[in-house]
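Enquirer: coords please:
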Amino acid sequence: MRRHLFLFIVTATLLGGIVSCGGSSASPPPVVTVTATVPQVVAGGSVAFSVTVKNTTNQSVTWAVSGGSANGTISQSGLFTAPALVPNPAQVTITATSQADSAATGTASITVIVGIVVTPPSAVVQTLGITPFSATIQGSSNQAVTWEVNGIPGGSPSVGTISPSGSFQAPESVPANASSGQTTSVTVEAIAQASPTATGTASVTVTSPNQRGQNLPIKLGTSGGNANNVNTRECESGTLGSLVTRAGTQFILSNNHVLADSDAGSVGDVITQPGLIDTSSPCVAAEASTVAHLSQFINIQAANPPADAAIAQVVSGAVDTSGAIIELGDSAPGGVPADEAPSSTVLPVASLVPNSTAVAKSGRSTGLTCSTIEAIGLTISVQYTKGLGGPSFTATYTNQVGVNGGTFSAAGDSGSLIVSQASAEPIALLYAGSTMDTIGAPAQTVLNSLADPNNAASIPSFVGTSNHVVAGCTSSGADAFDATAQTTASPSAAELSSAEAVKNQNTPQLMTEHPAVLAVGVAGSLDRPDRAAIILFMRKGEPLVRPIPHNVAGVPTRVISVDSLPKNGALDQQSTATFVKSAGAPGPATPTPADLAAAKTVKEKYAASLMQQPGILGVGVTSSLDNPSEAAVMVFVEAGKPHNPIPLELDGVRVRVKSTDKFRAYGWGHPKPH
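Expert: Just a heads-up that it's a prediction; the model follows:
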């Protein structure tokens with residue numbers, strides 16, 4: 001037993017010696033790490049730094065700024081305050097020194113930059129209204145700035161303009177986001193002239209006078225709708241478009257889906273102004289004025305409805321009996337268009353020239369907007385929702401009217417009256433749209449379809465004045481809408497190469513047979529944006545010996561009129577692109593009435609079969625963008641959806657293809673369009 005005990009003691013002593021040897025080594029020095037929460041700070045601003053000290057329990061440090069207070073100051077809690085002016089160099093080093101060991105330090109850098117504060121940071125401005133902005137530059141003695149609106153120096157008529165002193169003037173129309181069908185704000189930006197990377201912004205919401213509540217009697221082109229367009233979650237508004245009279249009684253004209261809630265309404269329903277989404281407390285009918293009662297509507301779920309339209313009998317004293325529509329006048333005192341009734345006569349659809357006839361409308365969301373007719377004789381499918389949040393359905397219409405531009409209207413403009421810019425004569429009743437277009441029902445069709453049910457000879461007529469211009473369009477220049485602006489030609493390299501080979505082979509014959517042709521090249525087609533086209537540069541004003549072919553060996557032709565060219569004959573693609581750009585947008589479309597009538601005959605022949613094909617949304621008559629002197633059949637295809645090949649021409653008439661999303665009489669004015 002003693003032997004066992006002796007051995008244990010010796011072993012323990014040896015182990016203890018080993019342990020005690022390790023305990024005599026030195027501790028590692030502190031390590032200081034400094035971290036900035038952001039890489040840069042505006043002059044005069046503050047930013048917090050953090051620090052960690054390893055290998056010691058003492059986390060205290062002493063802070064310092066390189067170069068001293070001229071480069072800023074830092075508190076002992078690590079809060080750095082940048083100097084009022086940007087130092088030179090702009091990058092400042094911050095040092096933290098461990099109080100446990102002055103030899104242990106850590107550093108971090110931060111860059112002091114020029115900053116701009118725009119005042120006010122946001123504003124609400126009515127169309128054509130003016131509001132001032134100011135900019136304060138932090139970090140520079142040079143306070144000069146350059147102003148932009150939506151990235152455009154000085155702005156533009158479509159989004160608003162801003163002067164060098166910062167005075168912002170809202171545009172004639174409320175800007176709209178074509179991709180959502182909603183009105184949108186614009187951004188005012190100040191850029192420091194001494195430091196172009198320094199910017200400050202403010203958001204501007206442009207409103208229209210059409211949207212607000214009015215004192216009685218109201219002007220039209222204004223917010224309104226069925227008092228029952230509300231549930232526990234949401235409500236809707238559209239546009240009370242115009243005033244009509246039938247057998248001595250006045251009615252408000254708008255859409256079925258505005259006044260009758262897409263067939264869900266009942267005769268006698270209360271029609272309010274403003275629509276419920278625009279009341280002081282949204283969706284509270286008691287805060288709106290009763291201006292009419294629903295009288296009659298076209299059933300849009302019936303087979304082949306002629307139009308989406310309804311009328312509501314006016315409450316005595318509630319509506320301006322002259323039929324005045326907001327900003328539709330022939331004068332603009334003080335730069336603001338006057339309110340005036342449209343012409344009492346209807347402009348026949350047969351007189352419209354696609355991509356040439358200029359039109360206007362005044363509606364709840366975008367106010368007064370201006371564009372051009374895009375297509376006539378449209379057969380088109382439109383998506384609906386019955387009632388608020390009810391089941392969806394599709395209605396197909398014939399002989400409708402299309403207007404260029406996804407920003408001509410937005411959610412809430414449904415029910416607006418589309419008129420001629422030159423005469424204010426009613427053309428169509430707006431009821432649907434897509435990201436690229438607006439759709440209306442011909443005005444005379446609407447009136448005929450709302451005849452007195454008990455007397456078919458009693459047809460409504462517009463309450464209006466004699467013909468007059470719409471001054472708000474001509475004064476703002478908004479009537480110069482370019483249909484090609486919506487067309488992005490994007491043929492593939494292989495497509496261009498194939499067309500180039502056809503061009504090279506056929507240029508001598510083309511120039512021989514058509515003496516007016518100065519040069520021949522290859523670029524994108526405007527009628528068929530995914531296709532390359534043979535570009536024929538024609539001497540302006542020279543008569544044609546024979547018609548220009550619509551295609552050469554399966555490649556579309558595109559005609560551009562010029563006074564002269566620096567090169568003649570076959571052109572390479574670079575020269576062609578340069579000359580196409582310098583030629584600018586095509587001039588006004590000039591197809592003859594006979595050409596348009598012939599195109600309509602062809603359209604009617606093929607419309608039914610085309611509409612049955614997958615991916616086809618509508619078929620109508622337009623003018624060709626590749627040759628504006630010719631009529632064309634217009635085929636709308638659904639973007640991103642496959643469809644059968646569409647021929648370059650039908651019975652000798654060019655075929656223009658346009659890609660868009662589905663047409664919808666969407667929840668106009670709805671917070672979340674559906």
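
Enquirer: which residues does Phe112 contact?
Expert: One correction, residue 112 is Val, not Phe. Taking CB atoms under 8 Å, 6 or more residues apart in numbering, we find Val112 in contact with 40-43, 71-72, 82-83, 86-87, 90-92, 139. Yep, even glycine has a C-beta here, placed from its N, CA and C like the rest.

Enquirer: at 7 Å what do you get?
Expert: Neighbour list for Val112: 41, 43, 82-83, 86-87, 90, 92, 139 [criterion: CB atoms under 7 Å, 6 or more residues apart in numbering].

Enquirer: Which members of the residues you listed are classed as buried?
Expert: 41, 43, 82-83, 86-87, 90, 92, 139 (16 or more other CB atoms under 10 Å).

Enquirer: For Val114, list the residues it contacts.
Expert: So Val114 contacts 43, 86, 137-140, 192, 195, 198 (CB under 7 Å, 6+ apart).

Enquirer: I meant to write Ala523 there.
Expert: 489, 533, 535, 576-577, 580.

Enquirer: so how far is Ala583 from it?
Expert: 11 Å (CB to CB, to the nearest Å).

Enquirer: ok, now Ser173?
Expert: From Ser173 to Ala583 the distance is 29 Å (CB to CB).

Enquirer: The two - which one has more neighbours?
Expert: Legend: neighbour count by other CB atoms under 10 Å for Ser173 and Ala583, higher for Ser173 (33 against 16).

Enquirer: ranges for the helices of the stretch 501-650 of the chain?
Expert: 573-583, 593-611 (DSSP state H, counting those that start in this stretch).

Enquirer: ok, of the ones you listed, where does mean pLDDT dip lowest?
Expert: When the helices of the stretch 501-650 of the chain are ranked by mean pLDDT, helix 573-583 comes last with a mean of 93.

Enquirer: and it, how far from the chain's centre?
Expert: Chain-centre distance of helix 573-583: 29 Å, with CA atoms, centre = their mean, to the nearest Å.

Enquirer: Can you list the helices and strands that it packs against?
Expert: Helices and strands touching helix 573-583, by 3 or more CB pairs under 7 Å, 6 or more residues apart in numbering; DSSP states H and E, are strand 517-524, strand 532-539, strand 555-562.

Enquirer: Could you save the ones you listed as TSV and add columns showing mean pLDDT and distance to Ile439?
Expert: Compiled in TSV, those are given as follows (pLDDT from 0 to 100; distance: least, CB to CB, whole Å):
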stretch	mean pLDDT	distance to Ile439
strand 517-524	96	27
strand 532-539	96	28
strand 555-562	96	27
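
Enquirer: Those strands: which one's closest to Val118?
Expert: Closest to Val118 of the helices and strands packed on helix 573-583, according to CB to CB: strand 517-524, at 40.2 Å.

Enquirer: hang on, the earlier thing: tell me the most buried of the helices of the stretch 501-650 of the chain?
Expert: For these, average neighbour numbers computed from mean count of other CB atoms under 10 Å are highest in helix 593-611, which has a mean of 17.

Enquirer: ok, residues contacting that one?
Expert: Residues contacting helix 593-611 (CB under 7 Å, 6+ apart): 377, 379, 616, 619-621, 630-633, 635, 650-651, 653.

Enquirer: Please apply the same query to stretch 456-469.
Expert: By CB under 7 Å, 6+ apart, stretch 456-469 touches 242-247, 250-251, 311, 323, 330, 340-344, 421-426, 447-448, 450-452.
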